[in-house]
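1. Below is the sequence, then the predicted model.
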Amino acid sequence: MNKKITRPKKLRGTIIPPGDKSISHRALILNSIADQTATVKGILESEDIQSTINCLKQLGAEIDIHNDGSYRVKGRGMNGLKAADDDLDCGNSGTTIRLLMGLIANINGTVRLIGDDSLQSRPMERVYSLLNKMGANIFSEQSNGCAPIIIEGKQLTTDQTIEMTIASAQIKSALLLAGLSSKGTLNIIEPFKSRDHTERMLLAMGAKLNIHENKITINGDSSELQSVDIDVPSDISSAAPWIVAGILHPDAEIEIKNVCINHTRSGIIDIFLGMGARIEIMNKRMMGNEEVADLGIYSSSLSSTKVSNELIPRAIDEIPLIALGACFAKGKTNISNISELKVKESNRLANTIEIISQFGGEIYSHEDGLLINGLNSLHGAKLYCDSDHRMTMLAGIAALISEKESELMNIDSVNISYPNFWNDFEKLCVS
């Protein structure tokens, strides 16, 4: 699908973004190894989540959807899942393949994990190398550190400490999943605290977990997890395009409802507040173990900033949109230590520069980061969007706040995480 976009006179309206992708994956996986039956509401209906559901079913999980859109997950117990006879196709989902490595490491039998071309080009060795330190036997079929991944599952026994060199919630979650059903005690130390949805959910399910600052201790071979009903809040990564659009458009008033503002995920809010953005955080409340709020977003004047290292893990998926915002800030904005963007669904570091540059932004790479010179305006562009959903949304918001017409081609990749993105896009535009 192609789309021509002209900046509207106003942005007005209320958006309820789809369910949080990270929480949706974890709610399905953890309840599949719990002891009873759980109902999960608000799950993100997307290609990535469907990949997780399909893989879990092949492993023996029982997952059904009700007429009201909620999901029923009947837990198989800590050791109830079985090795799949056929390949597990993880599609485009990095979360699926990385978390499944940890889940399957303790399951007797051999399992092969595959994905689409994009997924099979992304690095997986940094996940399975740490799992192998716990005694797992996981390797790349092509010996290139990428999928297809072969897991020769067996009972793990571990009493050790693993120090992670990067703050990654996916790697941490894979280790936690492997540690759950292993024998012994596992200590995980992060350089900076990454998103903690897995830990919150495990604690709610009764796991023997101890958390102190950036160190997590899990005692394996413990009692069964208790199934937990979960109401999934809206994804802050899916709220991010509207946050940036509202801040940058000259006449915007947008309300974004039910957004997960978990401290380990809300870096984008803190960064923009520090730059002078008008963001109102309203109706704070708890949904399960997650902090949730409604956000009011208004046209703002921004000042440049230097984003601190501590904020990067809390905003890694939103960095491209933050860089777009910096194009409208007074002065030069510096964002460092974001090499992780190179190994997402695409090289998002390079693609962010390419997309923003096509709209006339002054953005440059430096070492492992970005330097953005604020210009306070962008012009339109004509560009072809590749398969990375976040990059397509970045291009859409850049077009929405640019002064001249833009044309975007091949914009369907948003279906990976936000199938209704373009409908919500049009809903906000007031001519």
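-> Noted; the coordinates are in hand. Computed from a prediction, not measured in an experiment: that's the story for all the values here.
2. Tell me the spacing between the nearest residue to residue 116 once chain neighbours are set aside and residue 273.
-> Excluding the flanking residues, the one nearest residue 116 by CB to CB, 6 or more residues apart in numbering is residue 92, at 5.2 Å. Any C-beta I mention is one placed from the backbone N, CA and C, and that applies to glycine too. Separation of residue 92 from residue 273 (CB to CB, to the nearest Å): 33 Å.
3. who's more crowded, these two?
-> residue 92 (23 against 14; other CB atoms under 10 Å).
4. what about the residue nearest to residue 66 when sequence neighbours are not counted, distance to residue 302?
-> In space, and not counting its chain neighbours, residue 66 is closest to residue 72: 6.3 Å by CB to CB, 6+ apart. Look at residue 72 and residue 302: by CB to CB, they are 46 Å apart.
5. Could I get the contacting residues of the nearest residue to residue 299 once chain neighbours are set aside?
-> Once flanking residues are discounted, residue 299 sits nearest to residue 252: 4.8 Å by CB to CB, 6+ apart. Residues near residue 252 by CB atoms under 8 Å, 6 or more residues apart in numbering: 10, 11, 12, 245, 246, 297, 298, 299.
6. In this structure residue 255 contacts residue 283, no?
-> No - here residue 255 does not reach residue 283: they are 10.3 Å apart, not a contact under CB atoms under 8 Å.
7. Neighbour count: those two, which is higher?
-> Set residue 255 next to residue 283 and count neighbours by other CB under 10 Å: residue 255 wins out with 17 against 10.
8. Just the buried positions in stretch 122-139, please.
-> By neighbour count with 16 or more other CB atoms under 10 Å, stretch 122-139 contains the buried residues 122, 124-128, 130-131, 134-136, 138-139.
9. With only the CA atoms kept, save it in PDB.
-> This file holds the C-alpha atoms of stretch 122-139, laid out as PDB (Å, rounded to 0.1, in the frame of the first residue of the first chain):
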ATOM      1  CA  ARG A 122      19.800 -10.900  13.300                       C
ATOM      2  CA  PRO A 123      22.400 -11.900  15.900                       C
ATOM      3  CA  MET A 124      21.400 -14.700  18.300                       C
ATOM      4  CA  GLU A 125      24.800 -15.900  19.600                       C
ATOM      5  CA  ARG A 126      24.700 -13.300  22.400                       C
ATOM      6  CA  VAL A 127      21.600 -15.100  23.700                       C
ATOM      7  CA  TYR A 128      22.500 -18.700  23.300                       C
ATOM      8  CA  SER A 129      26.200 -18.300  24.400                       C
ATOM      9  CA  LEU A 130      24.900 -17.200  27.800                       C
ATOM     10  CA  LEU A 131      22.400 -20.000  28.000                       C
ATOM     11  CA  ASN A 132      25.200 -22.400  27.100                       C
ATOM     12  CA  LYS A 133      27.200 -21.200  30.100                       C
ATOM     13  CA  MET A 134      24.300 -22.600  32.100                       C
ATOM     14  CA  GLY A 135      24.800 -26.000  30.500                       C
ATOM     15  CA  ALA A 136      22.500 -25.700  27.500                       C
ATOM     16  CA  ASN A 137      23.400 -27.000  24.100                       C
ATOM     17  CA  ILE A 138      22.200 -24.400  21.600                       C
ATOM     18  CA  PHE A 139      23.900 -23.400  18.300                       C
END
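10. That stretch - what's its average pLDDT?
-> For stretch 122-139, mean pLDDT is 96.
11. Same check on stretch 301-308?
-> Summarised as a single mean, pLDDT over stretch 301-308 is 97.
12. Give me the residues contacting that stretch.
-> Stretch 301-308 is contacted from outside by 247, 271-272, 274-277, 315, 322, 325-326, 328-336, 372, 374, using CB under 8 Å, 6+ apart.
13. again, only using 6 Å
-> Residues from elsewhere that reach stretch 301-308, judged by CB atoms under 6 Å, 6 or more residues apart in numbering: 271, 274-276, 328-335, 374.
14. on that earlier part again, for residue 72 and residue 302, indicate the residue with more neighbours.
-> A direct count of neighbours by other CB under 10 Å for residue 72 and residue 302 places residue 302 higher, at 22 against 14.
15. For the closest residue to that one other than its chain neighbours, the count of nearby residues, please.
-> Closest residue to residue 302 apart from its sequence neighbours, by CB to CB, 6+ apart: residue 329 at 3.8 Å. For residue 329, the tally of surrounding residues (other CB under 10 Å) stands at 25.
16. Now do the phi/psi pair for residue 329.
-> With angles defined as degrees, to the nearest 10, residue 329 sits at phi -90, psi 150.
17. Please apply the same query to residue 287.
-> Note on residue 287: backbone dihedrals following degrees, to the nearest 10 are phi -120, psi 110.
18. Next up, the contacts around it.
-> 231, 233.
19. tell me the pLDDT at it?
-> If you check residue 287, the pLDDT there is 90.
20. and what of residue 157?
-> Looking at residue 157, its pLDDT stands at 84.
21. Nearest residue to it in space, please, no chain neighbours.
-> Residue 157 sits nearest to residue 183 (CB to CB, 6+ apart), 4.5 Å away.
22. Buried residues of stretch 184-196, list them for me.
-> Within stretch 184-196, the residues that count as buried by 16+ other CB under 10 Å are 184, 185, 186, 187, 188, 190, 192, 193, 194, 195, 196.
23. Need the contact partners of it.
-> 157-159, 161-164, 167-169, 175, 179, 214-220, 264-265, 310, 313.
24. let's go with 7 Å and repeat that
-> Stretch 184-196 is contacted by residues 22, 134, 157-169, 172, 175, 179, 214-220, 262, 264-265, 309-310, 313 when judged by CB atoms under 7 Å, 6 or more residues apart in numbering.
25. cool, stretch 126-135 as well?
-> The contact list for stretch 126-135 (CB under 7 Å, 6+ apart) reads 98, 101-102, 105, 138-139, 149, 156-158, 162, 171, 174-175, 178, 182, 186.
26. Give me the buried subset of those residues.
-> 98, 101-102, 105, 138-139, 149, 156, 158, 162, 171, 174-175, 178, 182, 186.
27. Kindly indicate which of these lies nearest residue 430.
-> residue 98 (41.4 Å; CB to CB).
28. hmm, back to that, using the three-state scheme, assign the residue nearest to residue 66.
-> Of the three states, residue 72 takes strand under DSSP: H, G, I helix; E, B strand; the rest coil.
29. I'd like to know how many residues surround the closest residue to residue 325 other than its chain neighbours.
-> In space, and not counting its chain neighbours, residue 325 is closest to residue 244: 5.2 Å by CB to CB, 6+ apart. Residues near residue 244, counting by other CB under 10 Å, number 28.
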